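*Asks:* Give the three-dimensional model of this entry:
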Amino acid sequence: MRILLISDIHGNLEALESCFKAAEKEKIDTINVLGDIVGYMANPNECVEKVKEFECILGNHDNAVFNDEELKYFNSYAAKAIMWTRENIKKRNMDFLSSLNNSKVFIQHNYTITHGSLCDPLEYIEYEYQAERIMEIATTPLVFAGHTHVPAMWRLYEKDDKPHILKVNGDSLTFNRDIQLEKDKKYIINIGAVGQPRDGNPKGCCAIYDSIEYTVKYLRFEYPVEETVQKIKANNLPVFLHKRLLKGE
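*Replies:* Numbers count the residues shown, from 1 in each chain. Here you go, the predicted structure:
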């Protein structure tokens, strides 16, 4: 089975549509959505309606739309975007997001999806010690995550009879080409962000997991970012949000 894994759409309709278009030639069987469908950008309704038929889990921005407690963790830019989203999202889409309240982890036969971390849905997985801790509690050899908006891969291997973590990111990461996984290793794979990349590359990012070939492919795709920027401006969302889109940071 070939699974398209997407995360951190953040109301960016242009990026989401371009993601689906980029995946058309990949013979996808199903789609998993790793949270943060909304927040930051100006098309929350359209984005929810395009993904609600798929397996979705809750992101922290999705949670903040209906949960005031979540807002205390947000900076002023993110909080303003959430307040705008609350005012503009349709009830049926709000209801869908709130229905995900208990859907913070999804486990298939050999992989798990989470938004942040298996330890804490708000945790950013950035360091080896975090990856090792998550691998200790994971019940599957593969864990796919989002939240950081930065694609990265951690692999657990043995050296001198001790566990070690290898992290691959940045220029060392392969895009738009299959990465062969080893069946006797454990992995945590951050799939990057569809709607607001933060790795210095403004192209959107998603991933495809092939459970038969046991491969992962990161897809980078261009989208009409200026259209997204114009919507941010037209809706008086923070200027910072469109500036970081243009830089991918």
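
*Asks:* any idea how far Lys243 lies from Gln230?
*Replies:* Computed with Cβ to Cβ, to the nearest Å, the distance linking Lys243 and Gln230 is 14 Å. Every residue, glycine included, has its C-beta placed from N, CA and C.

*Asks:* Give the residue spans of this protein that score low on pLDDT.
*Replies:* Residue ranges of the chain with pLDDT under 70: 158-164.

*Asks:* try 80 this time
*Replies:* Low-confidence regions of the chain, defined here as pLDDT under 80, cover residues 102, 157-166, 169-172.

*Asks:* CA atoms of stretch 53-68 as PDB?
*Replies:* Presented in PDB, the C-alpha positions along stretch 53-68 are these (Å, rounded to 0.1, in the frame of the first residue of the first chain):
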ATOM      1  CA  GLU A  53     -12.700  11.900   4.400                       C
ATOM      2  CA  PHE A  54      -9.200  10.600   5.200                       C
ATOM      3  CA  GLU A  55      -7.600   9.400   8.400                       C
ATOM      4  CA  CYS A  56      -6.900  12.600  10.400                       C
ATOM      5  CA  ILE A  57      -5.400  13.200  13.800                       C
ATOM      6  CA  LEU A  58      -5.500  16.300  15.900                       C
ATOM      7  CA  GLY A  59      -2.800  19.000  15.700                       C
ATOM      8  CA  ASN A  60      -2.300  21.800  18.300                       C
ATOM      9  CA  HIS A  61      -3.700  24.500  16.000                       C
ATOM     10  CA  ASP A  62      -6.800  22.400  15.300                       C
ATOM     11  CA  ASN A  63      -7.200  22.000  19.000                       C
ATOM     12  CA  ALA A  64      -6.900  25.700  19.700                       C
ATOM     13  CA  VAL A  65      -9.800  26.500  17.400                       C
ATOM     14  CA  PHE A  66     -12.200  25.000  20.000                       C
ATOM     15  CA  ASN A  67     -10.000  24.800  23.100                       C
ATOM     16  CA  ASP A  68      -9.000  28.100  24.900                       C
END
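
*Asks:* now Lys50, what's its secondary structure?
*Replies:* For Lys50, the secondary structure call by DSSP: H, G, I helix; E, B strand; the rest coil comes out as helix.

*Asks:* tally of neighbours for it?
*Replies:* As a burial measure, Lys50 scores 18 neighbours (other Cβ atoms under 10 Å).

*Asks:* pretty sure it is touching Glu14, no?
*Replies:* No. Judged on Cβ atoms under 8 Å, Lys50 makes no contact with Glu14 at a distance of 11.9 Å.

*Asks:* which stretches of this structure form helices?
*Replies:* Defined through DSSP state H, the helices belonging to the chain, from first to last, are 13-23, 44-51, 60-66, 76-88, 91-99, 128-137, 225-234, 239-247.

*Asks:* what's the neighbour count on the closest residue to Phe240 other than its chain neighbours?
*Replies:* Nearest-residue entry for Phe240: Tyr77, 5.1 Å, with adjacent residues in sequence omitted and distances by Cβ to Cβ, 6 or more residues apart in numbering. Neighbours of Tyr77 under the rule other Cβ under 10 Å: 15.

*Asks:* just Ile57 next, same as before
*Replies:* The burial metric for Ile57, expressed as a neighbour count using other Cβ under 10 Å, is 22.

*Asks:* quick one: contacts for it?
*Replies:* Taking Cβ atoms under 8 Å, 6 or more residues apart in numbering, we find Ile57 in contact with 33-35, 100, 103-106, 113-115.
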